[in-house]
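Engineer: build me a model from this:
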Amino acid sequence: MLSRVLNLFPKITRWYVYELALTGEPNEPQPLIDVTWREGTAADIESLTVEDHGYDGFRKQWATETLAGGNRLLIGEVDGFAAHLAWTTQRQVTIAGSTIPLSSGTEYIYSGQTVERFRGKRIQNAKIRRVMQRAHSEGLVRLLTLVPVNVQTSMRNFEREGFVRIGEGKTYRFLRRFYYVTISQDLLRKISG
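Structural biologist: Modelled structure (predicted):
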C-alpha cells in the first residue's frame, strides 16, 4: 500500500553515461564462480521468474518484443541457472521514452541484473568483459552504458573495466510514467557519436 502511495509523488533519477573505447583484445572474464555466457532466446525469457529475475508477464512481453526487435539478451548461467541478465543493442539508446540513435560501431549495454544470491561474485565484471570481447570480435569501436548515481557497485564495476564517465542526465517520473529527460546537447552528441 505504501509503495502505491509513494508512486503518486514525482521521482527524479540522476544517472551517469559511461563510455569505453575498444582499443585491444580484452582480458578473459574472471568471476569468483564458474559462469557460462550465451545469447538468450524467447524460450529463456519465458523461463525467467518474478521471484529471482523480476520478470512478470508485462516484463516478459517487453523482453520478447525487445528481442524480436533485434536487441540481444546476454545470459550468465551458473549450474544451468540464469544468474545474470543483460541487454545490448547497436541501434539506439532509449531513456524514458526518448530515443537517441547510436553511431556505427557502438554498442549500448543496459538493464543488467544479477540474481541476489549470486551478487558479490564479480559476475557483472565478467559480463562487461564478455560484452567487450564480443564487441571487439565484431569490429565495434565503442561501448556505452547508463548507471543511476545511487548504484555505486555498478559504477565501480564499469570504471574498473576502463569505462569513463562522459556526462549525466535526469529522468522525471510521475504516476509511474516518465514525463521527460534532461540531457545536454553536448552529451547527446557524445552518445550519438
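Engineer: can you tell me the SS state at A43?
Structural biologist: Recorded secondary structure, A43: helix (DSSP: H, G, I helix; E, B strand; the rest coil).
Engineer: what's the burial count for it?
Structural biologist: Using other C-beta atoms under 10 Å, A43 is surrounded by 7 other residues. Any C-beta I mention is one placed from the backbone N, CA and C, and that applies to glycine too.
Engineer: before we move on, what about the one 3 residues further on?
Structural biologist: Neighbourhood size, E46 [other C-beta under 10 Å]: 11.
Engineer: then L48?
Structural biologist: 21.
Engineer: skipping adjacent residues, who's closest to it in space?
Structural biologist: Distance criterion C-beta to C-beta, 6 or more residues apart in numbering; nearest residue to L48, sequence neighbours excluded, is Y55 at 3.8 Å.
Engineer: what's near enough to touch the one you found?
Structural biologist: Contact analysis of Y55 by C-beta atoms under 8 Å, 6 or more residues apart in numbering lists I45, L48, T49, A63.
Engineer: center of the protein, which residue is that?
Structural biologist: Y110 (1.7 Å; C-alpha atoms, centre = their mean).
Engineer: many thanks, have a good one.
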